[in-house]
Structures are given as structure tokens and as C-alpha cells.
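> Could you work out the structure for the sequence below:
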Amino acid sequence: MEDVHPLTLLIIPLLAVLAPLLARGLGRWVRIPVVVFELVLGILVGPSVLGWAVPAPFVDTLSEFGLAMLFFVAGTEIQFASFRGRLGKRASLGWLISLVVGVAAGFVLAPGEAAIVIGVALCSTALGTLLPILRDAGELRTPFGQAVAAIGAVGEFGPLIAISLFLGGRNLGTATIVLVAFAVVAGLAIWLAFKLPRGAMHEFVSSTLHTSGQFAIRVVFLILGALVVLSIVFDLDMLLGAFTAGIIWRLLMRDASEEDREAVESKIEGVAFGFLVPIFFIYTGVTFDLKSLLDQPVLFLLVPVVLVVLFLARGLPSMLAAPEGSSRRDRLSIALLGATGLPIIVAVTSIGVDEGILQTSQQTVLVAGGMLSVLLFPLIGMSIRGEKVKASTAFQDDMA
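Numbers count the residues shown, from 1 in each chain. Just a heads-up that it's a prediction; the model follows:
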């Protein structure tokens, strides 16, 4: 704690409060995700602009916990029914196409090993960012929302597998064996989640929901910690463990009453989106290397290029998973939402920089493109979708 500037400890929670207020204030004119304000405010107070907040190991650790919680929540939102039949196959095929196109684009932008890092970054989808938007719009349970959720799930889980295979410092054969070993242990945990006597657990969860025991939240952190440690022991990215932990928790609670499940989810989201996740996004803004862009203005020209490549590489293949009978507007909306990426881009490029594969300037351009995608693509995509829904509602009212 000695190396943390006291002002940083005040500024970050202050921005965490200010971000949703700004999002709500502007919401009457334009819907902008809270994460955008968190990122922009972080950049504003960071060393590149005002210098009020500076990087520190303690805050960096909290930021890592925030990223893990973001992927845990994404894992809890997985709808396994969405992966059956046509939707699952098309979402997976779309991601594989995105990976190929992304790596090809990577070789154009930066030939060599860096192309793999860029390709994995470009084939990601920010499911954790999209889920709150879909939930707020009432789209989470619609065929449209389920398609976006499936695209996002594959767009987060697929890159995590790719990271483990190609960016772990091992040869492909050894990395595959390690990944299979992790999958076996994780599969055993999932099997135990199915076999665990649920009635007694749910009863205990319910009895401690409003006491100091808070058993459910403690179990969440135990599962999250166990899977993250397991991924670290196997020398895999911790996000793979966090994502798997979310899946296991969802299976444990699958037979709980709707009231208990919603109460537990509310508490988890309170810890995640009320505390840890905002720290991750704000700190990402604080550590964003804006100076590289300012020192090399030509890099600014590459940011919109990354945005376009994200749409081409990830957005267009995502349209394969559009529900049957979708209009062109719906398909375009799905493409824009599918091309929304940031957390995986931050994670992958950080690994690339740490291993000396990627230059800091390249990371900055990719993260800036991801930020821009989070700012623009959901806004445009949901506006297109919203206009269609309104038009449909108006038509039904006229028919009535």
C-alpha cells in the first residue's frame, strides 16, 4: 500500500460513481455503455493527461480480480441450450472464420509471431460488455439476444483456448496436452456440480442470504479462486479458469428457486459491477499509453483501421448465427455487436507485450480500436435493433 498514491485510492472510486451518473444523464439522448465512461475517465485522470492517478501494484492486483470477475459473470450467463443445433454450430463456425481472417489481417499489419496475437485479439467479442446492454434492453431471452449471447460466449471462450495453445510459451503439442489436462480436471468439477445434493446446499444458501454468513458469495469466491489457481498451476491464462468457474456455479444453482437465484445473482453482480469490474476498466484507462499515440500521430490513423478490421474479421462472420428469418437490419445489428471487443484485446495484447512479441505502440492501437468498438458498435447496433422493434410495435398497435 505504501507505493499507492493516496489520491489514486480516492480518484478510482470517485470515477466509479461518476461513470454511471454520466451514462444515465446522457441516456435520454444516446445510450452509451458505462464501460466507455470508465475507460475515458481513467485516461483523463491518468499519467497521459491530468496525472491525478498513477499505476500501482496494489491497484493492478485489484484490476486483475476485476477482470477475473468479469469473465466469471460471463460464464454464469452461458445458456447451454443456445449451443444446440444450428445456433451453436453457426456461432462456432463464425468464430473459426474470424480467427483465420484475424490472423491473416495480423500478417498484413505485423508479419511474424505478432500476427497470432493480433489475430486472437481480432476474433474476440466482449460478452461481459454486451450482456448488461442486452439485459437493459429486454433482449436477453429473445432469439436475437440468445444469438448475440452465443456469439459472445464463443468469442470469449475461443480466444481463451487460443491464448492457452499459442501464447503460453510452449510448443503446440505440449500446450494441447496441458489444455486437455485442465479440461479433464474442470470436467470433473462440472461432473461433481451435477452430482452434488442440491437441496441441502440451496437451503443453506437461502438461509444465509441475509446474514453475515453469506455462504453463496463465499462459495463463489472459493470456486473462482480454485479454478484460477488451477489455470495458473497449469500455466494457462487465469481468465480460462474464471470463465469455467462461472459455468460451474451456474450448474450448481440450476435447480434453485427463481427467487433465490436472482438474489444470489444480484449479490454477485453487486460485488462484480459495483466494485471490482469498474476498477479494471478505470485502471485500463489509467494505464492506457496515450503518449504513444500523441508522439506518433500516424498511429491515430491506424485506430479506425482496427475498427474496420474488427467489423470485417469478427462482425461479418457473426452474421452466420443470426436467427432464421432475420432481416438485414437485424443481421447488421448482430454483426456490430459481435465485433464489439475489449477485455480479450486488453488481455491478449498484455500477454504479447509481456512476452516481447508485441510492441507497446501496437498494443495501444489495438486497445484504442477495442475502446472505439465498445463506444460505437453497441450504440449503433442497438439503435438499429431498437428502431426495428419500435416500428414493429407501432405496426402491431395499428393492426389492433
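> show me what contacts the nearest residue in space to residue 26 that is not next to it in sequence?
In space, and not counting its chain neighbours, residue 26 is closest to residue 32: 6.1 Å by C-beta to C-beta, 6 or more residues apart in numbering. C-beta coordinates here come from the backbone N, C-alpha and C atoms, glycine included. If a contact means C-beta atoms under 8 Å, 6 or more residues apart in numbering, then residue 32 has 23, 26, 375, 379 as its contacts.
> Which one (most neighbours) among these?
Highest neighbour count within the contacts of residue 32, by other C-beta atoms under 10 Å: residue 375, with 20 neighbours.
> Would you check that that residue makes contact with residue 36?
Yes: between residue 375 and residue 36 there is a contact under C-beta atoms under 8 Å: 4.8 Å.
> Give me the three-state assignment for the residue nearest to residue 26.
Residue 32 falls in the coil class when you classify it by DSSP: H, G, I helix; E, B strand; the rest coil.
> Quick check: phi and psi at it.
Backbone dihedrals for residue 32, given as degrees, to the nearest 10, come out at phi -120, psi 130.
> next one: the one 5 residues further on
Reported as degrees, to the nearest 10, the phi and psi values for residue 37 are phi -70, psi -40.
> One more: residue 27?
phi -60, psi -20.
> Please renumber the chain so that the first residue is 779 from this point on.
With the count now opening at 779, the last piece we talked about shows up as residue 805.
> Poorly predicted segments of the chain, please.
Within the chain, the segments meeting pLDDT under 70 span 779-782, 857-862, 945-950, 974-982, 1165-1178.
> re the thing from before, of the contacts of residue 810, just say which sits nearest to residue 993.
residue 801 (33.1 Å; C-beta to C-beta).
> can you put the contacts of residue 810 in a markdown table and add secondary structure?
Shown next, in a markdown table, are the contacts of residue 810 (three-state DSSP):
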| residue | secondary structure |
| --- | --- |
| 801 | helix |
| 804 | helix |
| 1153 | helix |
| 1157 | helix |
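> wait, which of those is closest to residue 954?
Using C-beta to C-beta, residue 1153 comes nearest to residue 954 of the contacts of residue 810, at 37.2 Å.
> Let me see the contact set for that closest one.
Residues near residue 1153 by C-beta under 8 Å, 6+ apart: 810, 811, 814.
> and which of those residues is nearest residue 1009?
Closest to residue 1009, out of all of the contacts of residue 1153 and judged by C-beta to C-beta, is residue 811, at 27.8 Å.
> ok, that closest one to residue 1120 distance?
Plainly put, residue 811 is 10 Å away from residue 1120 if you go by C-beta to C-beta, to the nearest Å.
> Tell me the spacing between residue 925 and residue 1122.
Counting by C-beta to C-beta, the gap from residue 925 to residue 1122 is 19 Å.
> What of residue 874?
16 Å.
> more crowded one of the two?
Comparing residue 874 with residue 1122 by neighbour count (other C-beta under 10 Å), the higher total belongs to residue 1122, at 28 against 13.
> quick one: the more buried one and residue 934 touch, right?
Yes: judged on C-beta under 8 Å, residue 1122 makes contact with residue 934 at a distance of 6.3 Å.
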